[in-house]
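Asker: here you go, sequence then predicted model.
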Amino acid sequence: MRNQNKTTLALLLILLIVSACSSAQPTEAPAPTATHTIPPVTDTPVPPTPAATPAPTNTPVPVLERAQYKLNATIDYDAHTVSVDETILYPNLTGNQLNTLVIAIVPNLWQGSFSLTGISVDGAPTTTYSIDGQRLDVALSSFLPAGSVIDIDLQYTLALPFAEQEDPGISRPRIYGYTSRQLNLTNWYPFVVPNINGEWVLHEPWYYGEHLVYDAADYEVDVKFTDPATAPIVAASGLPEQGADSTRYTITSARSFALSASRLFQVSSTQVGDVNVSSYYFPLFVAGGQAALQTAVESVQVFGERFGPYPHKSLAIVMGDFNDGMEYSAFFYLSKDFYNLYDGTSANYLTFVTAHETAHQWWFEQVASDQALQPWVDEALATYSERIYYENIHPDLVSWWWTYRIDFYDPQGFVDIPIYEGQGFRPYTNAAYFQGAHFLEKLRERIGDEAFFAFLQDYLAQGRGKIVTANDFFRILSPHTGADYSDLVRQYFQNIYQ
């Protein structure tokens, strides 16, 4: 800029000032952030700038720590439809330039459920994309440099499937959709899948287990219902903030955003420090709903002391109108059967599965892994966390837990099988969950409690916000003990980890 005359310098100054003023948050969609172009020059005269005024320099756009998702969702509860306007601010943290983004659109696994009505990249509509099942590939007009941020805007509608009738083409996840008394939004919005070592990670669904892998992201979700007078009670990831005609939910460094709504929900809540814990359940299940709340509260306290702090300001426990339990960020489902079988004691499925799903707020939410290829990395730890819950809250039931929860099924097999090699739901859970719990128990006995819990705390600290592998698990474990546990690895794992 040294060789330009003063008039040109002044013009650039004015344009930079105008550009800076336009970066305030808009009322509709955010301004483009990845590729910035200076507006065209007009013929409007520009007064000269005094020679003593130094020329400003461009300040780079700050790199986001993680992706940001902003969703404006309008739900027609009775028609079982959702209209969404979504903005994704995606920072390229891969270390490489990108010319394509891969976005998961899981609702498209159900025929006719997902309808994309518009997509823009940095404010410009684009047609350079393709959809294949749950995968949306967006070709970029130019390379996205490492460290840059790109803005993707999508408009789409969801026609929710009837979840009580299993889709013939896919067995999991079948929570997404509606039942006669509940609407469930899980994996319902497009999200950019992780890019690990130059590869986009989006596995195919399977008949059991979870196939999705999530980067941590920040969420701001505005929800409104077409008929506010008959709006249902909502359980969601994040604390609600009531607006004039919508409710806003925010949650940071989360793996997902889930929502469940029902006009029949009853709610029990309590506070654990600065965390609001709420239990949502159907009528006639007050005892089970309050028991789930109590177990979740105790689990948050125990795991907070043993592993590290709970990461969010809320936790929702939701009675699911289906035979499944499932974890999401600051939110999890418990099967209706667990409530049906609840006997008023702590020796039952409702109690230990509540502890299990709460533990996923550490082993899934904070420390994520590839749930399809290495499911044991979170499932074995979540299962063993049930044992840690019982030894701290109900020590007299630890032996019962081993007998009834784990050894009843005579678990066999290698812990580190992918979901695709599980040979059925029961053999899969026997190996990844229950053999995994046995491995962790023997490891704990071998290295001692002090080293074991110091390792778990270090594992959480090093893995928080990341996607870890089995190699990371053993790499972090190694400095915490001089004991030889190689025989345990050979006994329980089909692979040798470093």
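Answerer: Perfect, thanks for sending it. Numbering: from 1, shown residues only.
Asker: and the strands in the stretch 351-498 of the chain?
Answerer: Using DSSP state E, counting those that start in this stretch, the strands of the stretch 351-498 of the chain run over 367-369, 466-468.
Asker: of those, flag the one that's most buried.
Answerer: Highest mean neighbour count of the strands of the stretch 351-498 of the chain: strand 367-369, a mean of 24 (counted as mean count of other C-beta atoms under 10 Å). For every residue, glycine as well, the C-beta is placed using N, CA and C.
Asker: give the rounded mean pLDDT of it.
Answerer: Taken as a whole, strand 367-369 has a mean pLDDT of 98.
Asker: list the contacts of that strand.
Answerer: By C-beta atoms under 8 Å, 6 or more residues apart in numbering, the list of residues contacting strand 367-369 from outside reads 213-214, 216, 255, 375, 377-378, 459-460, 463-464, 466-469.
Asker: quick one: strands adjacent to that strand?
Answerer: Based on DSSP bridges, the pairing partners of strand 367-369 within the sheet are strand 466-468 (parallel).
Asker: mind listing residues that contact the partner strand?
Answerer: Defining contact as C-beta under 8 Å, 6+ apart, one finds that strand 466-468 is touched by 194, 196, 213, 215, 216, 367, 368, 369, 370, 377.
Asker: ok, of the residues you listed, which one's closest to residue 107?
Answerer: Using C-beta to C-beta, residue 213 is the member of those that lies nearest residue 107, at 17.7 Å.
Asker: got the contact list for the closest one?
Answerer: The contact partners of residue 213, by C-beta under 8 Å, 6+ apart, come to 193, 194, 201, 202, 203, 368, 369, 370, 371, 372, 467.
Asker: and residue 328, by the same measure?
Answerer: 186, 237, 255, 256, 257, 258.
Asker: now these as a markdown table including distance to residue 335?
Answerer: Output for these, formatted as a markdown table (distance: C-beta to C-beta, whole Å):
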| residue | distance to residue 335 |
| --- | --- |
| 186 | 14 |
| 237 | 19 |
| 255 | 21 |
| 256 | 19 |
| 257 | 22 |
| 258 | 16 |
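Asker: any chance of these in TSV, with pLDDT too?
Answerer: Below are those laid out as TSV (pLDDT from 0 to 100):
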residue	pLDDT
186	97
237	98
255	98
256	98
257	98
258	98
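Asker: quick one: the helices in the stretch 251-400 of the chain, in order.
Answerer: Remark: helices assigned in the stretch 251-400 of the chain by DSSP state H, counting those that start in this stretch are 286-306, 336-340, 349-359, 376-393, 398-401.
Asker: hang on, the earlier thing: among the contacts of residue 328, which pair sits farthest apart?
Answerer: Farthest-apart pair in those is 186 and 255; separation 11.9 Å (C-beta to C-beta).
Asker: residue ranges with poor pLDDT in the chain?
Answerer: For the chain, applying pLDDT under 70 flags the ranges 1-62, 164-173, 498.
Asker: name the element residue 103 belongs to?
Answerer: For residue 103, the element it lies in under DSSP states H and E is strand 98-104.
Asker: just checking, next helix/strand downstream of that strand?
Answerer: Beyond strand 98-104 toward the C-terminal end (DSSP H and E), the next one is strand 114-121.
Asker: tell me what angle the strand holding residue 103 forms with strand 114-121.
Answerer: Strand 98-104 runs at 150 degrees relative to strand 114-121, counting by axes from the mean of the first three to the mean of the last three C-alpha atoms, to 10 degrees.
Asker: helices and strands around strand 98-104, which ones?
Answerer: strand 135-144, strand 149-159, strand 191-192 (3 or more C-beta pairs under 8 Å, 6 or more residues apart in numbering; DSSP states H and E).
Asker: do that again at 10 Å, thanks
Answerer: strand 81-91, strand 129-132, strand 135-144, strand 149-159, strand 191-192, strand 195-196, strand 199-200 (3 or more C-beta pairs under 10 Å, 6 or more residues apart in numbering; DSSP states H and E).
Asker: the first one pairs with which strands?
Answerer: Translated: strand 81-91. strand 67-76 (antiparallel), strand 149-159 (antiparallel).
Asker: can you add mean neighbour count and give the ones you listed back as a markdown table?
Answerer: Formatted as a markdown table, the strands paired with strand 81-91 follow (neighbours: other C-beta atoms under 10 Å):
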| stretch | mean neighbour count |
| --- | --- |
| strand 67-76 | 19 |
| strand 149-159 | 20 |
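Asker: of all these, which one is nearest residue 299?
Answerer: Of all the strands paired with strand 81-91, strand 67-76 sits nearest to residue 299, with 27.7 Å by C-beta to C-beta.
Asker: find the centremost residue of the protein, please.
Answerer: Centroid check for the chain by C-alpha atoms, centre = their mean gives residue 255 as the closest residue, at 2.0 Å.
Asker: OK, contacts around it?
Answerer: Residue 255 makes contact with 191, 212-217, 237, 327-330, 360-361, 364-366, 368, 465, 467, according to C-beta atoms under 10 Å, 6 or more residues apart in numbering.
Asker: any idea how far residue 236 is from it?
Answerer: Distance of residue 255 to residue 236, given as C-beta to C-beta, to the nearest Å: 14 Å.
Asker: what does residue 425 give?
Answerer: Where residue 236 is concerned, residue 425 sits at a distance of 29 Å (C-beta to C-beta).
Asker: who has more neighbours, those two?
Answerer: residue 236 (25 against 14; other C-beta atoms under 10 Å).
Asker: which one is that one nearest to, not counting chain neighbours?
Answerer: Closest residue to residue 236 apart from its sequence neighbours, by C-beta to C-beta, 6 or more residues apart in numbering: residue 259 at 4.4 Å.
Asker: so the one you found bridges to which residues?
Answerer: Beta-bridge pairing for residue 259 (DSSP bridges): residue 185, residue 236.
Asker: closest one to residue 271 among the strands paired with strand 81-91?
Answerer: Among the strands paired with strand 81-91, the nearest to residue 271 by C-beta to C-beta is strand 67-76 (27.6 Å).
Asker: how far out from the middle of the chain is the closest one?
Answerer: 15 Å (C-alpha atoms, centre = their mean, to the nearest Å).
Asker: do the same with stretch 404-417
Answerer: Worked out by C-alpha atoms, centre = their mean, stretch 404-417 lies 27 Å from the chain centre.
Asker: ok, stretch 380-393 next?
Answerer: Mean-position distance between stretch 380-393 and its chain equals 22 Å (C-alpha atoms, centre = their mean).
Asker: name the residues of it that come out as buried.
Answerer: Of the residues in stretch 380-393, 380-390, 392-393 count as buried by neighbour count, 16 or more other C-beta atoms under 10 Å.
Asker: next: stretch 206-218.
Answerer: 206, 208, 209, 210, 211, 212, 213, 214, 215, 216, 217, 218.
Asker: got the contact list for stretch 193-204?
Answerer: 92-96, 98, 100-104, 106, 109, 133-137, 170, 192, 209-216, 368, 370-373, 418-420, 467, 469.
Asker: how long is that stretch from one end to the other?
Answerer: Stretch 193-204 has an end-to-end distance of 13 Å (criterion: C-alpha to C-alpha, to the nearest Å).
Asker: repeat that for stretch 137-151.
Answerer: Criterion C-alpha to C-alpha; first-to-last residue distance in stretch 137-151 is 15 Å.
Asker: and it, what's buried?
Answerer: Using 16+ other C-beta under 10 Å as the test for burial, stretch 137-151 gives 138, 140, 144, 148, 149, 150, 151.
Asker: which of these sits closest to residue 303?
Answerer: Proximity of those to residue 303 (C-beta to C-beta) peaks at residue 149, which lies at 34.4 Å.
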